[in-house]
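# dropping a prediction and its sequence here:
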Amino acid sequence: MFVCQLDNQTDSGCLSDYQELNNNNSVVNKKFHNFKILILFVFAPYMIVIVICTENKPHH
């Protein structure tokens, strides 16, 4: 679909397919972005604690 749209801009079938694909991707990206933010908030505290613990671990 992508190649078709690049090769022939006047082909409305390919163009509409390409636009539909873009719309679907933007919805998926929006959901994935929210998911990444959720992961960040859940895992960031654990990561900070782990880093602090490893930094403060006494070196033998």
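In hand now; what should we look at?

# any idea how far Phe35 is from Val28?
Separation of Val28 from Phe35 (CB to CB, to the nearest Å): 10 Å. Using the backbone N, CA and C atoms, a C-beta is placed for each residue, glycine as well.

# Ile39: which element?
Here Ile39, judged by DSSP states H and E, is contained in helix 12-56.

# report the buried residues of stretch 36-52.
Of the residues in stretch 36-52, none has enough neighbours to count as buried (16 or more other CB atoms under 10 Å).

# now that stretch: mean pLDDT?
This predicted structure assigns stretch 36-52 an average pLDDT of 88.

# mind saving the C-alpha coords of it as CSV?
Output of stretch 36-52 as CSV, limited to C-alpha atoms (Å, rounded to 0.1, in the frame of the first residue of the first chain):
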residue,chain,number,x,y,z
LYS,A,36,4.6,3.2,28.0
ILE,A,37,3.7,6.0,30.5
LEU,A,38,2.0,3.5,32.7
ILE,A,39,5.0,1.2,32.6
LEU,A,40,7.3,4.2,33.3
PHE,A,41,5.3,5.1,36.5
VAL,A,42,5.2,1.5,37.7
PHE,A,43,8.8,0.6,37.1
ALA,A,44,10.6,3.9,37.6
PRO,A,45,10.4,3.7,41.5
TYR,A,46,11.7,0.1,41.4
MET,A,47,14.5,1.1,39.1
ILE,A,48,15.5,4.1,41.3
VAL,A,49,15.5,1.8,44.4
ILE,A,50,17.6,-0.8,42.6
VAL,A,51,20.1,1.9,41.5
ILE,A,52,20.3,3.4,44.9
